[in-house]
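# 3D, please:
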Amino acid sequence: PSGPAPFTCRGVDIWLSDNPERHIARHPRVLGGKLHDEDTFLVNFLLPFGNLVAYFGIPELDKFPPKLANVWTKFLQGDQQYRDARLKLLPVVVDGPWIVKAAVGPGTSPALLGKVIPLQYYFQSPTANKKGIYEVDVIITASSIAKGILSVVKGHTKSLSIAFGFIIEAAEEAELPETVLCNFQLHALHLEDCPQLPPCNLDEVA
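Predicted coordinates:
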């Protein structure tokens, strides 16, 4: 079993949009404008109806659990192929109708995201005057399998409690046991109350 997740959840945004944004960390409104207050790992799900973005504060490397600091460092330094073969998602339906549990699965085995869903990485290392921002875009809109599962989940969000855990797969025995890097939970979500993503030309944002 995994110990406590070392990354703390800073918050979750759900933005409604007909054109979900890639590299959303550039948007000045994400996380209430406080994204750049600390080193952050964010996962940006591109959905047919908008963006679901979870933000996680990254501790200092010496605060990581044993072995995980090396796993995380290699993930940051790896190329697209390496990262796609490592990042795993574990969705767990905490409470909800049977049809959602059937679609999502039993929540016992994390799955490699990059096997069925295209991923993009926008990693910005920290500098003297900027925090490190590490964004992973999970392009649900490009996966028919993921869109099928989402269509079931979307119809029951008001009666659903679902948790998501992110894990970097151990590449060798010395990196075991695997540890949940970060997690978040959604409960009784009313999508119609979520805000529209404010217009912004992200290509012009520095």
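
# who touches residue 30 in this structure?
13, 24, 42, 53, 55 (CB atoms under 8 Å, 6 or more residues apart in numbering). The C-beta positions use only the backbone N, C-alpha and C, and glycine is treated the same way.

# For the last one, report the pLDDT, please.
Pointing back at residue 55 there. Listed pLDDT for residue 55 reads 98.

# Identify the bridge partners of it.
Going by DSSP bridges, residue 55 is paired in beta bridges with residue 11, residue 42.

# residues in contact with it?
Residue 55 neighbours (CB under 8 Å, 6+ apart): 9, 10, 11, 12, 13, 30, 31, 35, 40, 41, 42.

# same question, the fourth one
Going by CB under 8 Å, 6+ apart, residue 53 touches 12, 13, 14, 15, 24, 30, 31, 42, 43, 44, 45.

# Show me which of those residues is closest to residue 175.
residue 43 (21.2 Å; CB to CB).

# Pretty sure that closest one sits against residue 136.
Yes - proximity of residue 43 to residue 136 meets the contact threshold set by CB atoms under 8 Å, at 5.2 Å.

# Just the helices from this protein, written as ranges.
68-77, 80-84, 98-104, 113-116, 144-154 (DSSP state H).

# who wins for proximity to residue 177 among those helices?
helix 68-77 (9.9 Å).

# Next, work out how far apart the residue most central in space within the chain and residue 122 are.
Nearest to the geometric centre of the chain sits residue 43, at 2.8 Å (CA atoms, centre = their mean). Distance of residue 43 to residue 122, given as CB to CB, to the nearest Å: 11 Å.
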